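>>> need a structure here:
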Amino acid sequence: MHFHTTSSDVATKSAAFWQQARFWQWLAVALLIPVLFFNLGFLPLDPDSDEPRRALVALEMILSGDYLTPTLNGELYLNKPPLYNWLIAASFNLFGSYSAFALRFPMAVSLLLYALTVYAFVRWYATRPMAFAAALMLITNTRVLLYDSMLGLIDITFSWVTYTAFLLVYHFDERKKYTALFVTTYVLTAVGFLMKGLPSVAFQGLTLLAWFGYTRRWKRLLHPAHFLGIAVFGLITGAYYIAYFTRNPVPVTDVFGVLFYESSRRTVVEFGPGETLLHLLTFPLDMQHYYAPWMLLIVLLFRPGIRRLLTENRFVLFNALTFLVNFVVYWSSPQVYARYLLMLLPPLFTVLVYIYYERSPATAWQRRLVENVWLFAAVVVTTGTWVALFFPDTQAIAGLFWKVSVLFAALGLITYRYFRQPPLRLTLFIVFMLVVRIGFNWLVIPPRLAHRQRYKETSEQAARLTLDANGRPLPLYGYRNTIGDDGAADVNSFHIEALRGQILGITDRKLPGAYYIADSISLVGEQYEVVGDMLLFDEHPAKIVRFSK
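Modelled structure (predicted):
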């Protein structure tokens, strides 16, 4: 390995401790717990995301006692295998509630473990400053820091598993331990498959082909251990599906057809060449704001001889190659959400911090440009904290003045140190981003409460109307298409089922004495008694009714 034994990110030993890189690194680590876990359950489920669907599937597993068969409103749910829902269900049981905190807890723990995994691999093959930066950049890019780290979605856990499989290919290849390489990575591929389906297989195949193909060792793909790894993958996934099909007489083509459709529907086949071409042109630019501020480091690659710099170090080469070969799949897919690429961020960030620390002197125009843009952003954000005092949505926040004052002082201090200590700028800006998230928790999250709370409250109010005098649930159904299969009402279904302790089924039959959730369209021409009103997502009014006949 060709890494310097010292780094520009390490302050001189004569400097005060609080001026050294290690102080700021430990401060960043200490901030992770309040940043990720305080306010984690403050907001109810986000109806604008897939979070209610993840919660509802896990809840129905608990209510039915069937952990092999994912369902939504009692109907088979085939889009995703069940493993991540098992984690959510375990968290619900661990905390003894169906709270938003319990829903998001597996994600937050996964994110910390993901960052720790990044640190361990990069530290093993590179320097401590590189390892710290790559790991913390994963958490502090705007997409993860201000969105994904606050939702109980599958993608962070899936990305952690996938990234670990990537790096184990390199780790065991360096030691020529091919049985360990293929068995461990195919075990992780099976784990990923049981979370999200076919994408994990694509990641494994592309990474193996790219690495052994680029290094011209195709014969390694024919190693007996490779077939052993495939067999292990088949054994793990096969065991689940044998159990699934034993319990559920569903055609095999239906199950795997849905999994294939879920993996292929966002490609050029679905959207055509025109939209695909537009996506090819715009997606690299979209990544700049998805994963800001760290994507700005791409500027460091704009230099002569960059290919030589990326290939002269084997570990950096592996990360670059892994990113590129897997990124192409998403680059060519028009409908891609930013969270789908979270497993590719650490390989990319590893390459970028290598160029930043090891191949970019402080006088290089690329590095000066990046650091000056970060400084400008720091000044703007720091001074902009005072806007909260005048913004209508934040004026009602308790303790607003002292919160803004503390934020301004903390961000101002970091910005001052950033200006005075150029060698520590990447580390300091990581700390800056973590403090920004604390400000986000204080000033941005509270105004969002009302939007989500009303769906929770209206659903629970409707659920209480369908309990008997002893608090036991009476028969309740969604009528016809009022609660559809597009996920729009998953948030309502979750809150109703969580309070009633019973799965909310959907039917078009009118049963004597049963209650129904129905909207105006489904009630046309019907005779019914209105028991109560509720609000479905998105601003869709509905009624709780009993039919006269």
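>>> for Asp173, see how far away Thr215 is.
As judged by C-beta to C-beta, to the nearest Å, Thr215 and Asp173 stand 9 Å apart. Just so you know, the C-beta spots here come from the backbone N, C-alpha and C atoms, and that holds for glycine as well.
>>> sorry, slip of the keys, the one I care about is Ile445.
From Ile445 to Asp173 the distance is 44 Å (C-beta to C-beta).
>>> the more surrounded of those two?
Per other C-beta atoms under 10 Å, whichever of Ile445 and Asp173 has more neighbours is Asp173, with 20 against 15.
>>> so the more buried one touches Leu181, yeah?
Yes - under the criterion of C-beta atoms under 8 Å, Asp173 makes contact with Leu181 at 6.0 Å.
>>> can you give me the strands for the stretch 1-150 of the chain?
71-72, 75-76 (DSSP state E, counting those that start in this stretch).
>>> ugh, wrong one, I meant the chain
71-72, 75-76, 476-479, 505-507, 515-518, 528-536, 540-547 (DSSP state E).
>>> among those, which is nearest Arg359?
strand 71-72 (50.6 Å; C-beta to C-beta).
>>> list the neighbouring strands of that closest one plus their orientation.
Strand pairing for strand 71-72, using DSSP bridges, gives strand 75-76 (antiparallel).
>>> if we can go back for a sec, any idea which of the strands of the stretch 1-150 of the chain is most buried?
Mean neighbour count (mean count of other C-beta atoms under 10 Å) peaks for strand 71-72 among these, with a mean of 20.
>>> quick one: mean pLDDT over it.
The predicted model assigns strand 71-72 a mean pLDDT of 95.
>>> where in the stretch 201-350 of the chain is pLDDT low?
Across the stretch 201-350 of the chain, the ranges flagged by pLDDT under 70 are 263-281, 332, 334-336.
>>> oh, that last question was meant for the stretch 401-549 of the chain, not what I typed.
484-488, 549.
>>> hey, where'd the helices end up in it?
Here the stretch 401-549 of the chain has its helices, by DSSP state H, counting those that start in this stretch, at 425-443, 449-464, 490-500.
>>> I'd like to know which of these is closest to Ser149.
Closest approach to Ser149 among those (C-beta to C-beta): helix 425-443, 8.1 Å.
>>> contact partners for Ser394?
Careful, residue 394 is Thr and not Ser. Ala388, Leu400, Leu443, Pro446, Pro447 (C-beta atoms under 8 Å, 6 or more residues apart in numbering).
>>> nope, Phe172 is what I meant
So Phe172 contacts Tyr178, Ala180, Leu181, Thr184 (C-beta under 8 Å, 6+ apart).
>>> tell me, how many residues neighbour the third one?
Burial of Leu181 is recorded as 24 neighbouring residues (other C-beta under 10 Å).
>>> so it is in contact with Leu168, correct?
Yes - contact criterion C-beta under 8 Å: Leu181 and Leu168 qualify, at 6.7 Å.
>>> close enough to count as contact, Val545 and Asp519?
No - under the criterion of C-beta under 8 Å, Val545 makes no contact with Asp519, lying 10.3 Å away.
>>> how many residues are close by the residue nearest to Phe547 when sequence neighbours are not counted?
Spatial nearest neighbour of Phe547, excluding adjacent residues (C-beta to C-beta, 6 or more residues apart in numbering): Lys510 at 4.5 Å. By other C-beta under 10 Å, 16 other residues sit near Lys510.
>>> then Glu174?
Glu174 has 14 neighbours, counted by other C-beta under 10 Å.
>>> ok, it - contacts?
Contacts were defined as C-beta under 8 Å, 6+ apart; by that measure Glu174 touches Arg314.
>>> again with Leu59
Applying C-beta under 8 Å, 6+ apart, we find Leu59 in contact with Ala89, Phe92, Tyr98, Phe494, Glu497, Ala498.
>>> can you redo these as a markdown table with distance to Met137?
Formatted as a markdown table, those follow (distance: C-beta to C-beta, whole Å):
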| residue | distance to Met137 |
| --- | --- |
| Ala89 | 32 |
| Phe92 | 32 |
| Tyr98 | 34 |
| Phe494 | 34 |
| Glu497 | 39 |
| Ala498 | 36 |
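>>> now, of the contacts of Thr394, which are buried?
Among these, those buried by neighbour count (16 or more other C-beta atoms under 10 Å) are Ala388, Leu400, Leu443, Pro446.
>>> and the furthest pair within the residues you listed?
Ala388 and Pro446 (10.8 Å).
>>> so what sits against both of the two?
Taking C-beta under 8 Å, 6+ apart as the contact rule, Ala388 and Pro446 both touch Thr394, Ile397.
>>> am I right that Val232 is in contact with Ala190?
Yes - using C-beta under 8 Å, Val232 is in contact with Ala190, at 7.2 Å.
>>> the two: who's more crowded?
Between Val232 and Ala190, counted using other C-beta under 10 Å, the more crowded position is Ala190 (25 against 18).
>>> quick one: the more buried one from Tyr163, how far?
Note on Ala190: its distance to Tyr163, by C-beta to C-beta, is 16 Å.
>>> what of Phe172?
In this structure, Phe172 and Tyr163 are 15 Å apart, going by C-beta to C-beta.
>>> do the same with Phe494
Going from Phe494 to Tyr163 by C-beta to C-beta gives 30 Å.
>>> do Lys177 as well
19 Å.
>>> more crowded one of these two?
The neighbour count for Lys177 versus Tyr163, taken as other C-beta under 10 Å, is higher for Tyr163 (24 against 15).
>>> need the contact list for the residue nearest to that one when sequence neighbours are not counted.
Leaving aside its chain neighbours, Tyr163 sits nearest to Met343 (4.8 Å; criterion: C-beta to C-beta, 6+ apart). Met343 sits next to Phe158, Ser159, Trp160, Thr162, Tyr163, Phe166, Phe203, Asn326 when contact means C-beta under 8 Å, 6+ apart.
>>> out of those residues, which is nearest to Glu460?
Relative to Glu460, the closest of the contacts of Met343 is Phe158; by C-beta to C-beta it sits at 31.1 Å.
>>> and the closest one, how close does it get to Leu345?
Separation of Phe158 from Leu345 (C-beta to C-beta) stands at 13 Å.
>>> overlap in contacts, the two.
With C-beta under 8 Å, 6+ apart, Phe158 and Leu345 have no common neighbours.
>>> run the chain-centre distance for stretch 54-63.
Centroid displacement of stretch 54-63 relative to its chain, using C-alpha atoms, centre = their mean, to the nearest Å, is 19 Å.
>>> name all residues that make contact with the closest residue to Ala108 other than its chain neighbours.
Nearest non-adjacent residue to Ala108, counting by C-beta to C-beta, 6+ apart: Leu36, 4.9 Å away. By C-beta under 8 Å, 6+ apart, Leu36 lies in contact with Ala108, Leu111, Leu112, Ile139, Ser149.
>>> okay if I get these as JSON lines plus neighbour count, pLDDT and distance to Thr394?
As requested, the contacts of Leu36 are arranged in JSON lines below (neighbours: other C-beta atoms under 10 Å; pLDDT from 0 to 100; distance: C-beta to C-beta, whole Å):
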{"residue": "Ala108", "neighbour count": "20", "pLDDT": "98", "distance to Thr394": "25"}
{"residue": "Leu111", "neighbour count": "22", "pLDDT": "98", "distance to Thr394": "27"}
{"residue": "Leu112", "neighbour count": "19", "pLDDT": "98", "distance to Thr394": "29"}
{"residue": "Ile139", "neighbour count": "24", "pLDDT": "98", "distance to Thr394": "25"}
{"residue": "Ser149", "neighbour count": "21", "pLDDT": "97", "distance to Thr394": "21"}
